[in-house]
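K.L.:
how does the following fold in three dimensions:
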Amino acid sequence: MTTVADIDNKIDQLREKLNHVEGRQSEVYARIVGYYRSVVNWNRGKSEEYGERVNFSDLETRNIEKLSAPETVQVKDETAAAASEAIEINFVEKKTAVENSEAAAYSFFFKETCPNCPPVKEVIDAIELKGTKINVDESNGLTEAMNSSVYSAPTVILYNSAGSEIYRTGNAAKLKDFLKVQTA
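P.N.:
Below you'll find the predicted structure:
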């Protein structure tokens, strides 16, 4: 017959075992320079880079309604400044019509220091499409890039009128070809 003292004694023994549980360290493998290798064997620089990596598994679907309307800028006139009035100016530039009627909007992901971004920006600036320009050097821009599965700059994503992605590129010539933009 088991007594309360026996049960208390057994509980004390299990608690003591629990305080001295030993295990071994798990071995983690990750991809580095084209192949998988144990993280323990990485050099100091690669180990630090591994700690800064961002997990892209929690991507959200992109909300196309975030695309901006034509840009409106507030400009204060010298004479109106005294009266604390602002003059609203809508900048309208001559834009090239896009012959590919499937494209309705764009998202342009760029970096300030990117040598390949200016040619793509010139194409974007020259077309009649609404869209957003997203600087991935900024934290909200990087988040937006992750949400859109963008891993390099420049990247242009084109959407149809339903908000579905129809094309993606980082090349100015390929963008012109897809949009069938006439060059002057």
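K.L.:
so what's T169 up against?
P.N.:
T155, V156, L175, F178 (C-beta atoms under 8 Å, 6 or more residues apart in numbering). For glycine as for every other residue, the C-beta is placed from the backbone atoms N, C-alpha and C.
K.L.:
who's Y159 bridged to?
P.N.:
Y159 has the following beta-bridge partners by DSSP bridges: A105, E165.
K.L.:
was I right about it contacting A103?
P.N.:
Yes - using C-beta atoms under 8 Å, Y159 is in contact with A103, at 7.5 Å.
K.L.:
any residues in contact with both of these two?
P.N.:
Between them, Y159 and A103 share the neighbouring residues I166, with contact defined by C-beta under 8 Å, 6+ apart.
K.L.:
any idea which element L14 lies in?
P.N.:
When elements are defined using DSSP states H and E, L14 is found to belong to helix 4-19.
K.L.:
buried residues, that helix. List them.
P.N.:
Neighbour-count burial for helix 4-19 flags no residue at all (criterion: 16 or more other C-beta atoms under 10 Å).
K.L.:
K17 versus I11, what's the distance?
P.N.:
Counting by C-beta to C-beta, to the nearest Å, the gap from I11 to K17 is 11 Å.
K.L.:
next up, the contacts around the residue most central in space within the chain.
P.N.:
Averaging the C-alpha coordinates of the chain gives a centre point, and the residue nearest to it by C-alpha atoms, centre = their mean is A145 (1.2 Å). Taking C-beta under 8 Å, 6+ apart as the criterion, A145 is in contact with F109, I134, V136, Y151, T155.
K.L.:
and for C117?
P.N.:
Neighbour list for C117: F110, K111, A153, P154 [criterion: C-beta under 8 Å, 6+ apart].
K.L.:
contacting residues around the helix holding L14?
P.N.:
Outside of helix 4-19, not a single residue reaches it under the criterion C-beta under 8 Å, 6+ apart.
K.L.:
quick check: next helix or strand after that helix?
P.N.:
Scanning the chain past helix 4-19 towards its C-terminal end, the next helix or strand to appear is strand 29-32 (assignment: DSSP H and E).
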